[in-house]
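Q: From the sequence below, what's the structure:
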Amino acid sequence: MRWALVKVCLAVTTMVVLAFAVPLAMVVREMASDRAFSNAERQAATMGPTLSITTDPAQLRRAVESTEMGAAGRMAVHVPAIGGAAAVDIGDGRAGAQAVAQTRSLGRATTARVPGGGSALLQPIALGSGDIAVIEIYVPESEVSNGVTTAWLVLGSVGLALVVGSVAVADRLGARLVRPAERLADAAHQLGEGRLGARVPEDGPKELRSAAVAFNSMADQVVELLANERELAADLSHRLRTPLTVLRLNAASLGDGPAAEHTRAAVEQLEREVDTIIRTAREQRPPASTATAGCDASEVIRDRMAFWSALAEDEGREVRLAGVDRTVRIPVARPELAAALDAMLGNVFRHTPEGTPFAVDVHDAGDAVIVLVSDGGPGIADPDAALRRGNDGARDGSTGLGLDIVRRVAESTGGDVRLGRSVLGGNEVRVWIALDGRARGGEGGRRARRKRRGA
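A: Reported below is the predicted structural model:
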């Protein structure tokens, strides 16, 4: 905007300067020419009284030599033949006989170009005999253009000063307009990066002041809404403590055995998750990013499958686990990967009939790790809708957030999540976890790339 305003002012001022300077330069040149020829006419008029008295060559020569132009060799007098006397030419004539004759016949002053440069003013003078003499005054080119160059330089300097001044003023005005806009854009970037204290000084032009006021008001509302959301999340999570306490007491009374141990472990994990939610919601800033943290995907999958395998055995489900016999490091924190696995496996248990087989496979693709969770259930009718946050597909026991947790884990590494038909005949969740930060294709990858560009 700043440079655009400077260019506009530069173009407008240049056109205005040219519109006035060019005609003024032409007027100055015409004035200098008129001044030179007016002076020549005055010099020619000084010979009028002498010619009205006498046409004697000797007297005319003395009269010519006594004038300024005659002494400089720039005056000539052309007297026609009178009576029986011959025509007389006194002084250095430059115009030529034809130009003199033409002036005598016209009876008015004329000018003629002189070979070698300059002009000659030819002024007719009526004699007592009724004949017409012609006085010639030579006007050199230097006298015609005297002062023109200086005047043009002055006009050019004034025009250049006007252009430079307009550019300087436009630059200052542009800076006054651009700085508030830059501050507004910078504050918007800061707010987008999570720095909720970013505000904009409410100064500058009226429109930008209004934008700054609106931005600050919006930022205050965002902070207030986030605080309310945190408090609401903390309150809702805290309400789970009472039923969790009852579950923990009941689990303690189950006695010994694998089922009892799994139940107590699940209750303890649930309590830890609720505590984590409450602490995170109470914080005044988002939790630190776990993008740089990592874990062994194989170890986490084996651990979570030890929990889910017991439930699968109770429901008569066949379980297949592959690719977890070696260490596979991924840039995802252990709790995040465990939550994503629990979400996917929980969906298998909730939305497929008892006895439905499922499988978990891990593939190391070099630049990425692919985690496949497959089942032999009825599948998902609309995979795209299932990946949208909050869409439960009108299924009982679903909040529509499980696959969103999986998607966010994958996109935090530059990967994505895709749903399809598995080899078992049901649904397959393919989680692509990038190892080098390069996003794969698809909508999830595009969102991840947008996030990284914004950051």
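Q: What values do phi and psi take at the residue of the chain positioned farthest from its centre?
A: Most distant from the centre of the chain: G84, at 93.2 Å, with distances by Cα atoms, centre = their mean. Note on G84: its backbone torsions stand at phi -100, psi 0 [degrees, to the nearest 10].
Q: how about the helices in the stretch 101-250 of the chain?
A: Using DSSP state H, counting those that start in this stretch, the helices found in the stretch 101-250 of the chain span residues 141-144, 148-192, 206-238, 241-252.
Q: List the contacts of S145.
A: S145 sits next to 29, 32-33 when contact means Cβ atoms under 8 Å, 6 or more residues apart in numbering. In this view, the C-beta of every residue, glycine as well, is placed from N, C-alpha and C.
Q: Please produce CSV containing those residues, extended by neighbour count.
A: CSV is the format used below for the contacts of S145 (neighbours: other Cβ atoms under 10 Å):
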residue, neighbour count
R29, 16
A32, 17
S33, 18
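Q: what's the closest of those residues to V431?
A: R29 (84.3 Å; Cβ to Cβ).
Q: Any stretches of the protein with poor pLDDT?
A: Low-confidence segments of the chain, defined by pLDDT under 70: 1, 234-239, 241-242, 244-246, 249, 278-293, 388-401, 437-455.
Q: could you redo the last one with a cut-off of 50?
A: For the chain, the stretches with pLDDT under 50 are 285-292, 390, 392, 394, 396-399, 438-455.
Q: What segments of it are strands?
A: All strands of the chain, identified by DSSP state E, fall at 75-79, 88-91, 110-113, 119-126, 132-139, 295-296, 319-322, 329-330, 358-364, 368-375, 416-421, 427-434.
Q: Just put these in CSV and tack on mean neighbour count and distance to V17.
A: Below are the strands of the chain laid out as CSV (neighbours: other Cβ atoms under 10 Å; distance: least, Cβ to Cβ, whole Å):
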stretch, mean neighbour count, distance to V17
strand 75-79, 24, 43
strand 88-91, 19, 47
strand 110-113, 16, 33
strand 119-126, 21, 32
strand 132-139, 25, 32
strand 295-296, 18, 71
strand 319-322, 13, 81
strand 329-330, 19, 68
strand 358-364, 20, 72
strand 368-375, 22, 64
strand 416-421, 18, 61
strand 427-434, 24, 60
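Q: out of those, which comes closest to D256?
A: strand 319-322 (24.5 Å).
Q: Name every strand pairing with the closest one and say which way it goes.
A: According to DSSP bridges, strand 319-322 forms sheet pairs with strand 358-364 (parallel).
Q: distance between the strand it pairs with and the chain's centre?
A: Centroid separation between strand 358-364 and its chain, computed with Cα atoms, centre = their mean, to the nearest Å, is 47 Å.
Q: go on, stretch 136-156?
A: In terms of Cα atoms, centre = their mean, the centre of stretch 136-156 is found 51 Å from the chain centre.
Q: quick one, helices of the stretch 251-400 of the chain?
A: Assigned by DSSP H, counting those that start in this stretch, the stretch 251-400 of the chain shows helices spanning 258-282, 297-314, 334-351, 383-386.
Q: follow-up on the earlier one: can you lay out the strands of the chain as a markdown table showing distance to A260?
A: Converted to a markdown table, the strands of the chain look like this (distance: least, Cβ to Cβ, whole Å):
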| stretch | distance to A260 |
| --- | --- |
| strand 75-79 | 137 |
| strand 88-91 | 140 |
| strand 110-113 | 125 |
| strand 119-126 | 125 |
| strand 132-139 | 126 |
| strand 295-296 | 29 |
| strand 319-322 | 21 |
| strand 329-330 | 33 |
| strand 358-364 | 25 |
| strand 368-375 | 27 |
| strand 416-421 | 35 |
| strand 427-434 | 31 |
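Q: Compare those and give me the one nearest D382.
A: Nearest of the strands of the chain (Cβ to Cβ): strand 416-421, 9.3 Å.
Q: Need the CA coordinates for the closest one. PDB is fine.
A: Extracted C-alpha coordinates of strand 416-421, given in PDB (Å, rounded to 0.1, in the frame of the first residue of the first chain):
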ATOM      1  CA  ASP A 416      -3.200 -38.200   7.900                       C
ATOM      2  CA  VAL A 417      -6.000 -40.700   8.500                       C
ATOM      3  CA  ARG A 418      -8.000 -42.700   6.000                       C
ATOM      4  CA  LEU A 419     -10.900 -45.000   6.200                       C
ATOM      5  CA  GLY A 420     -11.500 -47.900   3.900                       C
ATOM      6  CA  ARG A 421     -12.600 -51.500   3.500                       C
END
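Q: pretty sure L424 is touching T352, no?
A: No. Using Cβ atoms under 8 Å, L424 makes no contact with T352, being 10.2 Å away.
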